[in-house]
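[1] Here is the input, now give the coordinates:
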Amino acid sequence: MDRLFLDPNVLFSAAYRTHAGIGRLWELKAVELVTSTYAAEEAAVILAAEEQRERLRRLLGSVEVVVGHTPLPSGVELPEKDRPILQAALHANTTHLLTGDKQHFGRYYGEKLGGVLVLSPAQYLEHRRRSL
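    Residues are numbered from 1 along each chain as shown. Below you'll find the predicted structure:
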């Protein structure tokens, strides 16, 4: 079973509008969705409308929200604000970190960092489609 860590970008995109395509993640079978309090708070801060924040709260109802972190693997370079994302994904023993943050995580797409495979949501959905 895949344990998918959702970064703030993914949470924001899912909550931004009703029926967003990224919402398919919540419909997948045999996956566990995970995020951190840090990621959830980051997503909530950038959502402008109350209805979007309410949609985020509903989505988080079916997501395991973790607190805590693990040190970064050696050689991983991330801006200070992005480190807690990977650290929480590692702490939660997730199999994948799904992030739309191409600027900071893009160079790690397709790589395992400390055992966590970093992918964009589209890459994960394509990988899953091919393996079924």
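[2] Every contact and neighbour count from this point should use C-alpha atoms.
    Will do.
[3] per-residue pLDDT, the residue nearest to residue 108 when sequence neighbours are not counted?
    Nearest residue to residue 108 in three dimensions, chain neighbours excluded: residue 118, at 6.2 Å (C-alpha to C-alpha, 6 or more residues apart in numbering). The model reports residue 118 with a pLDDT of 98.
[4] Assign residue 118 to helix, strand or coil.
    strand (DSSP: H, G, I helix; E, B strand; the rest coil).
[5] Need the pLDDT of the spatially most central residue of the chain.
    For the chain, residue 6 is the residue whose C-alpha lies nearest the centre (C-alpha atoms, centre = their mean; 1.4 Å). pLDDT for residue 6: 98.
[6] For it, list each beta-bridge partner.
    Beta-bridge pairing for residue 6 (DSSP bridges): residue 98.
[7] Just confirm it contacts residue 34, I think it does.
    Yes: at 6.1 Å, residue 6 and residue 34 qualify as touching, with contact defined as C-alpha atoms under 8 Å.
[8] Residue 76 is in what secondary structure piece?
    Element membership for residue 76, per DSSP states H and E: none, as it lies in no helix or strand.
[9] how about the closest residue to it other than its chain neighbours, phi and psi?
    Spatial nearest neighbour of residue 76, chain neighbours left out: residue 113 (7.8 Å); criterion: C-alpha to C-alpha, 6+ apart. With angles defined as degrees, to the nearest 10, residue 113 sits at phi -110, psi 110.
[10] For residue 113, give its distance to residue 122.
    19 Å (C-alpha to C-alpha, to the nearest Å).
[11] Name the residue in the two with the higher neighbour count.
    More neighbours surround residue 113 than the other of residue 113 and residue 122, with 20 against 14 (other C-alpha atoms under 10 Å).
[12] how distant is stretch 6-22 from the center of its chain?
    Offset of stretch 6-22 from its chain centre (C-alpha atoms, centre = their mean, to the nearest Å): 10 Å.
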